[in-house]
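Student: Dropping a prediction and its sequence here:
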Amino acid sequence: MAETVRIPAPLALLAELTHRCPLSCPYCSNPFELIARERELDTDTWADIFRQAAEIGVLQLHLSGGEPASRRDLVELVEAAREAGLYVNLITSGIGLTRERLEALDAAGVDHIQLSLQGVRAETADYIGGYKGGFDRKMRVADQIAEIGFALTLNAVMHRHNLDDLPRTLEMAVEMGARRIEVACVQFQGWALKNRGMLQPSRAQVYTAKATVAEARARYRGVLAIDFVPPDYFADYPKPCMGGWGSTGLNIAPDGTVLPCHAAETIPDLTFQNAKDTPLSEIWYNGAAFNAFRGTDWMPELCRSCDRRDLDFGGCRCQAMALAGDPAATDPICRKSPHRALVDAAIEADTVPAPGQQFEYRKL
Ligand code: SF4
Ligand code: SF4
């Protein structure tokens, strides 16, 4: 018998204000087909979406991109979000922010900034971000963020090229006055999957990083909270992706397309609605894409009968699609998955980089 799924109110909205970005990180979570400026939602439409989001229960708004500072109306958007009663987190590379703009954002009510870090030295950071001079500009912005006194989280995306710099990354977070750092090993979707052979860390790097995090958590207790997202491929069980499909939050692309997660468009046969045409509440509660993988009815028997099904919800649908070619399969990261051998083979293949291999940078 089909289960009745209780749909909770969403807690968070990730608003991808634009896909424009001066950087071109090869692990960017934006899709391959980036949305051009002409198709971006205007200020009033975003403001209306923020009001609707608050009405259906959203508490936290993450302003993201691309680089949200590429939007000239960023301050107005923050004002609109605060007026709607949302907690505003700005996710930025820092490029495009000046002292003057930061002060205006502070006055408009930004509650928290999440600053991305590509590397701890200009050479590495500019190579990863594909943007010369980016590191120096980011460091100046970091100083200004501290001077103004924003609550700050440093968001360090880690992979083969910077995982060995983890101790210095943690030190930098403390020096910048961050209260939290997210050490997030690259998730292999989209651009990152294309570049997996260049980004996959070695097993030795992963073990060392885990030990570093354990030691640092004790050393920086009360000073710096450390969130560690270990690399999927080296785990035995998948992560509870999005806290379960369609259960905690929604993503809105720059043109208003509403998605259950940022990579959901990689799943064929799902149709997505647009916030310009359909109320957010209708999309959240009744949208076909949001209901596709809610609850347990969609699960293969392996997950449905597993005692971890309420812990990891069968893992990531986009990863199942990318690796097993079936979005309703058990996440191949799981040791019990019939597709796990694909993951083990990928680790072996990726950790021996092909000579002359280059990044394929994200581009508009
Ligand atoms: S991951 Fe890099 S390229 Fe993508 S939006 Fe962030 S800073 Fe820009
Ligand atoms: S079988 Fe499914 S529910 Fe069980 S651990 Fe694996 S992915 Fe999670």
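Tutor: All right, it came through fine. Ligands and ions are numbered 1, 2, ... in the order given.
Student: drop to CA atoms for contacts and neighbour counts, all remaining ones
Tutor: Will do.
Student: Which stretches in the stretch 1-150 of the chain count as helices?
Tutor: For the stretch 1-150 of the chain, applying DSSP state H, counting those that start in this stretch gives helices covering 43-55, 74-83, 99-108, 122-129, 134-148.
Student: same thing with the stretch 201-350 of the chain?
Tutor: Assigned by DSSP H, counting those that start in this stretch, the stretch 201-350 of the chain shows helices spanning 203-219, 280-286, 288-291, 301-304, 309-312, 317-324, 340-350.
Student: Just name the most buried of those helices.
Tutor: helix 317-324 (a mean of 22; mean count of other Cα atoms under 10 Å).
Student: okay, the angle between that helix and helix 340-350?
Tutor: 80 degrees (axes from the mean of the first three to the mean of the last three Cα atoms, to 10 degrees).
Student: what's the neighbour count on residue 242?
Tutor: If you count neighbours by other Cα atoms under 10 Å, residue 242 ends up with 17.
Student: and the gap between the nearest residue to residue 98 once chain neighbours are set aside and ligand 1?
Tutor: Nearest non-adjacent residue to residue 98, counting by Cα to Cα, 6 or more residues apart in numbering: residue 141, 7.0 Å away. Separation of residue 141 from ligand 1 (Cα to the nearest ligand atom, to the nearest Å): 14 Å.
Student: and the protein, which residues reach ligand 2?
Tutor: 237-238, 302-303, 306, 308-309, 312-315, 330-331, 334, 336 (Cα under 6 Å from any ligand atom).
Student: From these, pick the one nearest residue 245.
Tutor: For those, the residue nearest residue 245 by Cα to Cα is residue 313; the value is 8.1 Å.
Student: so what pLDDT did that closest one get?
Tutor: As predicted, residue 313 sits at a pLDDT of 94.
Student: do the same with residue 348
Tutor: pLDDT, residue 348: 91.
Student: Now do the same contact list for residue 257.
Tutor: 272, 273, 274, 275 (Cα atoms under 8 Å, 6 or more residues apart in numbering).
Student: which residues pair with it across the strands?
Tutor: Taking DSSP bridges as the rule, residue 257 bridges to residue 274.
Student: what separates it from ligand 2, distance-wise?
Tutor: In this view, residue 257 and ligand 2 are 28 Å apart by Cα to the nearest ligand atom.
Student: Quick one: classify the closest residue to ligand 1 within the stretch 151-300 of the chain as helix, strand or coil.
Tutor: Going by Cα to the nearest ligand atom, ligand 1 is nearest to residue 157 of the stretch 151-300 of the chain, at 8.7 Å. Recorded secondary structure, residue 157: strand (DSSP: H, G, I helix; E, B strand; the rest coil).
Student: Show me the beta-bridge partners of it.
Tutor: residue 184.
Student: roughly how far apart are it and residue 205?
Tutor: Distance of residue 157 to residue 205, given as Cα to Cα, to the nearest Å: 14 Å.
Student: on that earlier part again, now tabulate the contacts of residue 257 in CSV and tack on neighbour count and pLDDT.
Tutor: Below are these laid out as CSV (neighbours: other Cα atoms under 10 Å; pLDDT from 0 to 100):
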residue, neighbour count, pLDDT
272, 17, 98
273, 19, 98
274, 16, 98
275, 23, 98
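Student: burial of residue 191, as a residue count?
Tutor: Neighbour tally, residue 191, other Cα under 10 Å: 22.
Student: Tell me the confidence at the closest residue to it other than its chain neighbours?
Tutor: Spatial nearest neighbour of residue 191, chain neighbours left out: residue 27 (5.1 Å); criterion: Cα to Cα, 6+ apart. pLDDT, residue 27: 97.
Student: Please report phi then psi for residue 27.
Tutor: Taking degrees, to the nearest 10, you get phi -120, psi 10 for the backbone angles of residue 27.
Student: Now do the contacts for it.
Tutor: Under the criterion of Cα under 8 Å, 6+ apart, the neighbours of residue 27 are 186, 188, 190, 191, 192, 193, 195, 362.
Student: How many neighbouring residues does the closest residue to the last one other than its chain neighbours have?
Tutor: Once its chain neighbours are removed from consideration, residue 362 has its nearest residue in residue 24; the separation is 4.8 Å (Cα to Cα, 6+ apart). Around residue 24 there are 20 other residues, counting by other Cα under 10 Å.
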